[in-house]
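In: Sequence plus the predicted model coming up.
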Amino acid sequence: MTLDILAYAAFFLSMALTYAIICLGLNVQWGMTGLFNVGIAAFVAVGAYTSALLTTPPSPDRFGGFDLPIVVGWLGAAIMSGLLSWAVGALTIRLRADYLAIATFGIAVTVQLCMLNLQPITGGAFGIGFIPRPFAGLQGNALAFSLANFAVMAVVVLALYLALEHLAKSPWGRVLRAIREDEMAAQALGKRPIRFRLQAFTLGGAIMGLAGAAQAHFIGFIAPDNYMPILTFQVWAMLIVGGSGNNRGAIAGAILVWGLWALSAAAVSTFVPAEQQARAASLQIVAIGVGLCLMLLWRPRGLFGEVSPLTRLKALRAAPSKE
Amino acid sequence: MNPQFIMDGLITGAIIGLGAVGVTLTYSILRFSNFAHGELLSWGAYLALAVAGALGYLSAGLTKPIAPFSFGWALPISAVIAIGLTGLLALAVDALLFSSFRRRGSAIIIMVMASFGASLALRSLLEFLFSSRPAYFTKALQIAMKLGGGLRATPDQLLMLGVALVAVIAVHLLMTRTDIGRAMRAVSENPALASIAGIDVRRVIRTVWFLGAALACVAGIMSGLLIQIRPYLGHDLLLPLFAAAILGGIGSVPGAMLAGLIIGLCEALAVQAVGAEWRAAVSFVILIAVLLVRPRGLFGKAS
């Protein structure tokens, strides 16, 4: 019994950690740079499909199946999603801030269409199955298998976290924050905002693609239904709850919101009669939407939000004068 | 090629155009792209459906079709009531959400994000209240009339095109010939200067919300009458609405309507030439083309 619970906990945390990776990617775009991406689902989907095509065994009824190692799939996923983000960013970042949001929304719609209609590549509505899972040899032992997968996710998240923390403290990260806080001043110091923003957007998109690949290999099966707009909403809720600008907040928010989501879904399926479940599920989504708005209204920095460098400076200056 | 696509395109285009006028007004005067605008279309359609249902319950005579149309007096009456209710809904969302961001002088992108959350909540609330099963204003079937030149249209479709035309002309006259219209354009040019000149900016903002919501409601009812009513009705139209507002040039009412018609015609053409499954990608292609070639749109001012 305890072993089952342990296996489930590992499964649950692994799933939450895949969301944490997406959240870290979004944090590079929104938290560090202030770029609004409404098409998260699209970048995650592109990563998932790329990796699936690269690593599945050859299949006669669709393109590809190249049977490459999983690591190659993950890299390919990050590269493809990064390229897509670069293209979207290059087109819209120099325009008004909202245009990027609208363009990413368009990407989400278009990628959804492509997944459904490009049947020879994506398998259409049925998606792609038999995606190789890491440690498939351990599959007989549920506990060892879950723990091994959890360990992989934990290592990926930890590595990304350390890399991003390092990046945030690097000159590059400082320029990004400078641009976010005061674009004019950064420009006056000879930094080109558009270039830095585009780099951050591309990096964020690549991380989302990596997350898509990690998720696809963890579940072993992908279909267009996994990448509906609700995914985008969930990830936004995670980052806003956790606190944008803070990588630890992004990870904590992902685990917390995914936990609440899984818990409320379990409650709906046990307490609500079968014919009313679709309705109850829509109330669950209303709650996410309202929660997102309330968080923006009451606690825009989230639970562990970044303290703005300007506020910190003010506090530092105010402190000695009190003495 | 079958010229019928022109008729289909004009009808879709009129729906998109009416919605896009609302998007372009909120964008130019409130200065953010409202991702919840699509939900106003869906709410308009469902509110009209609910009121029409209640009216039909009170008096069966109201549901008897008015020849040659497929609906009874219940629909036009409920449409008027629904327009008012949708306007109130928009004002309520503004009072609860967007007004506090304006007061605090929040970044534009925070308002965009809030509108994104609001759209999710509003849409799923509809799904909760009315379930996701499609609904219809009327079960009556209509035979399309021949208009000559290979075109066919039902009386309902022709009436709706007429309504759209009247609505756009009315909004255009309101914007160019009345005091509140001039005030709206002044606020869109420069809010600070407008308020110094004695313009009641809050009244202008209320008018913009009400006007945008009213047009959205009309578009939603059109879409509901000619196609069907679904909670995702507005969400699926959101990308075409944005594409039309940007193609027409932000702030331009005739531009938004014209761009709506262009997008509607392109969609109908693509359905014939490529296939219906790619319809939703048309607005994205147009959007990208506009952003590449002429980001300020057909009638927009250079920023």
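Out: Arrived safely. Numbers count the residues shown, from 1 in each chain, chains lettered A, B, ... in the order given.
In: Next, count neighbours for the residue of chain A found nearest chain B.
Out: Closest to chain B within chain A is A:Gly289: 3.0 Å, counting by CB to the nearest CB. In short, each C-beta sits where N, CA and C put it, glycine included. A:Gly289 has 23 neighbouring residues, counting by other CB atoms under 10 Å in any protein chain shown.
In: for B:Ile108, same thing?
Out: 17.
In: What of B:Gly198?
Out: Here the number of neighbours of B:Gly198 (other CB under 10 Å) works out to 7.
In: So what does it look like in phi/psi?
Out: Per-residue torsions, B:Gly198: phi 90, psi 10 (degrees, to the nearest 10).
In: How about B:Met145?
Out: When read as degrees, to the nearest 10, the backbone of B:Met145 gives phi -90, psi 150.
In: ditto for the one 4 residues further on
Out: Torsion angles at B:Gly149 (phi, psi; degrees, to the nearest 10) stand at phi 70, psi 20.
In: show me what contacts it?
Out: B:Pro3 (CB atoms under 8 Å, 6 or more residues apart in numbering or on different chains).
In: again, 10 Å this time
Out: For B:Gly149, the contact set (CB atoms under 10 Å, 6 or more residues apart in numbering or on different chains) comprises B:3, B:6.
In: what's the distance between it and chain A?
Out: To chain A, B:Gly149 is 32 Å away according to CB to the nearest CB, to the nearest Å.
In: one step back: the residue of chain A closest to chain B against B:Leu126, yeah?
Out: No: checked against CB atoms under 10 Å, the pair A:Gly289 and B:Leu126 is beyond contact range at 11.9 Å.
In: where's the residue of chain A closest to chain B, which helix or strand?
Out: Following DSSP states H and E, one finds A:Gly289 within helix A:277-298.
In: again, but for B:Leu147
Out: Assigned by DSSP H and E, B:Leu147 belongs to strand B:145-148.
In: Which strands border that strand, and is each parallel or antiparallel?
Out: strand B:151-153 (antiparallel) (DSSP bridges).
In: What residues of the strand it pairs with count as buried?
Out: B:151, B:153 (16 or more other CB atoms under 10 Å in any protein chain shown).
In: So what touches it?
Out: B:2-8, B:10-11, B:142-147, B:159-161.
In: Also stretch A:155-165?
Out: A:16-18, A:20-21, A:23-25, A:27-28, A:31-32, A:74, A:173, A:203, A:207, A:210-211, A:214, A:247-248, A:250-251, A:254.
In: Filter those down to the buried ones.
Out: Neighbour-count burial within the contacts of stretch A:155-165 applies to A:16-18, A:20-21, A:23-25, A:27-28, A:31-32, A:74, A:173, A:203, A:207, A:210-211, A:214, A:247, A:250-251, A:254; the criterion is 16+ other CB under 10 Å.
In: Which of the helices and strands in chain A ranks last by mean pLDDT?
Out: helix A:309-322 (a mean of 64; mean pLDDT, DSSP states H and E).
In: hang on, the earlier thing: how far is the strand holding B:Leu147 from where the chain is centred?
Out: 28 Å (CA atoms, centre = their mean, to the nearest Å).
In: got it, and stretch A:141-159?
Out: For stretch A:141-159, the distance to the chain centre is 18 Å (CA atoms, centre = their mean).
In: which one is B:Val171 nearest to, not counting chain neighbours?
Out: B:Val253 (5.5 Å; CB to CB, 6 or more residues apart in numbering or on different chains).
In: May I ask which helix or strand encompasses residue 106?
Out: In the absence of a named chain, chain A is used. helix A:97-117.
In: Next: B:Ala167.
Out: Going by DSSP H and E, B:Ala167 is part of helix B:155-177.
In: Could you give the average pLDDT over that helix?
Out: In this model, helix B:155-177 has an average pLDDT of 93.
In: Which elements pack onto it?
Out: helix B:4-30, strand B:145-148, strand B:151-153, helix B:179-189, helix B:201-226, helix B:253-273 (3 or more CB pairs under 10 Å, 6 or more residues apart in numbering or on different chains; DSSP states H and E).
In: By mean pLDDT, show me the worst of those.
Out: Taking the mean pLDDT of these, strand B:145-148 comes last: a mean of 80.
In: still on that earlier bit, pretty sure the residue nearest to B:Val171 is in contact with B:Ser188, am I right?
Out: No: using CB under 10 Å, B:Val253 and B:Ser188 do not qualify as a contacting pair, with a distance of 11.3 Å.
In: Need the overlap of contacts for those two.
Out: Contact criterion CB under 10 Å, 6+ apart; residues shared by B:Val253 and B:Ser188: B:25, B:28, B:175.
In: In terms of distance to chain A, which of those residues ranks first?
Out: Once CB to the nearest CB is applied, the member of the shared contacts of B:Val253 and B:Ser188 that ends up nearest chain A is B:Ser28, at 11.6 Å.
In: Helix, strand or coil: sort out B:Ser70 for me.
Out: For B:Ser70, the assignment made with DSSP: H, G, I helix; E, B strand; the rest coil gives coil.
In: So for the strand or helix carrying B:Leu85, mean pLDDT?
Out: Element membership for B:Leu85, per DSSP H and E: helix B:74-93. Mean per-residue pLDDT for helix B:74-93: 95.
In: That helix to helix B:201-226, inter-axis angle?
Out: 140 degrees (axes from the mean of the first three to the mean of the last three CA atoms, to 10 degrees).
In: following helix B:74-93, which helix or strand comes up?
Out: That would be, after helix B:74-93 and using DSSP H and E, helix B:99-104.
In: In terms of secondary structure, what does that following helix contact?
Out: Right, helix B:99-104 is packed against helix A:277-298, helix B:108-130, helix B:201-226 by 3+ CB pairs under 10 Å, 6+ apart.
In: right, so those: which one is the most enclosed?
Out: Comparing those by mean neighbour count (mean count of other CB atoms under 10 Å in any protein chain shown), helix B:201-226 comes out on top with a mean of 24.
In: next one: that helix to chain centre, how far?
Out: For helix B:201-226, the distance to the chain centre is 7 Å (CA atoms, centre = their mean).
In: is it anywhere near chain A?
Out: No: using CB under 10 Å from any CB of the partner chain, helix B:201-226 never reaches chain A; the gap is at least 16.0 Å.
In: could you point out which element follows that helix?
Out: Counting by DSSP H and E, what follows helix B:201-226 is helix B:233-248.
In: Give me the helices and strands touching that next one, please.
Out: helix A:97-117, helix B:4-30, helix B:37-58, helix B:108-130, helix B:201-226, helix B:253-273, helix B:281-293.
In: Read off the pLDDT value for B:Leu193.
Out: The model's pLDDT for B:Leu193 equals 92.
In: Wasn't it part of a helix?
Out: Yes: looking at B:Leu193 with three-state DSSP, it is inside a helix.
In: for A:Ala250, helix, strand, or coil?
Out: A:Ala250 ends up helix, using three-state DSSP.
In: Surely it touches A:Ala16?
Out: No: here A:Ala250 does not reach A:Ala16: they are 11.9 Å apart, not a contact under CB under 10 Å.
In: what residues are shared contacts of those two?
Out: Going by CB under 10 Å, 6+ apart, residues that sit against A:Ala250 and also against A:Ala16 are A:23, A:157, A:238.
In: Briefly note if the helix or strand that the first one is a member of comes near chain B.
Out: If I follow you right, that is A:Cys23. Per DSSP H and E, A:Cys23 falls inside helix A:2-26. No: Helix A:2-26 lies apart from chain B when judged by CB under 10 Å from any CB; the minimum separation is 11.8 Å.
In: contacting residues for A:Leu53?
Out: Here A:Leu53 is in contact with A:59, A:62-66, A:68, A:73, A:76-77, A:80, A:121-123, A:128, A:131 (CB under 10 Å, 6+ apart).
In: what's the spacing between stretch A:229-239 and its chain's center?
Out: 8 Å.
In: Repeat that for stretch A:251-267.
Out: For stretch A:251-267 - counting by CA atoms, centre = their mean - the centre lies 15 Å from the chain centre.
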